[in-house]
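Undergrad: Provide a 3D model corresponding to the input given below.
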Amino acid sequence: MIGRRGGFTLIELLVVMTIIAVLLAIAVPRYFHTLDSSRETVLKQDLSIMREAIDRHYGDLNQYPDSLAALVERKYLRNIPEEPFTKSKEGWTMVVSDDPDYPGIKDVHSAADGNGSDGRPYKEW
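TA: Below is the predicted model:
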């Protein structure tokens, strides 16, 4: 006599697939929110470091740097950070000084499109 082979029924497989789908529906949005939140944190930190380097350059040399590369050349930064949303080192917008006696870059902003979790555009950070 040939015994019945063990296995799962179609209903059991569908129940398991449904449970997995529900768990993924809960976990995936949280994962993407966490990614965006971490990019925002990196952006804030990078902007803070570059602004501090610009201020130190101005304090030491009594002039603003000509470019972000000048901050790297003069060892105020190790390298130009990659903008976390555009994933590019050219993802920064430089704010040039209005004072003709002190030309150069006085501030830096992100060039990324979109708004942060606080509702402000990344370009205004």
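
Undergrad: got any ranges where the chain has weak pLDDT?
TA: 1-4 (pLDDT under 70).

Undergrad: need the contact list for residue 36.
TA: Applying C-beta atoms under 8 Å, 6 or more residues apart in numbering to residue 36 gives the contacts residue 117. C-beta here means a position set from N, CA and C on the backbone, and glycine is covered the same way.

Undergrad: go again with 7 Å.
TA: For residue 36, the contact set (C-beta atoms under 7 Å, 6 or more residues apart in numbering) is empty.

Undergrad: which element follows whichever strand or helix holds it toward the C-terminus?
TA: Taking DSSP states H and E as the criterion, residue 36 maps to helix 10-61. Once helix 10-61 ends, the next helix or strand along the chain (criterion: DSSP H and E) is helix 68-73.

Undergrad: give me the buried positions along that following helix.
TA: Within helix 68-73, the residues that count as buried by 16 or more other C-beta atoms under 10 Å are 68, 70-71.

Undergrad: for residue 66, give me its contacts.
TA: Counted by C-beta under 7 Å, 6+ apart, residue 66 has contacts residue 104.

Undergrad: gap between it and residue 88?
TA: 20 Å (C-beta to C-beta, to the nearest Å).

Undergrad: and if you look at residue 28?
TA: Distance from residue 28 to residue 88, counting by C-beta to C-beta: 27 Å.

Undergrad: ok, now residue 111?
TA: Distance from residue 111 to residue 88, by C-beta to C-beta: 8 Å.

Undergrad: who's more crowded, these two?
TA: Under the criterion of other C-beta atoms under 10 Å, the comparison of residue 111 against residue 88 puts residue 111 first, with 16 against 12.

Undergrad: I am finished for the moment; much appreciated.
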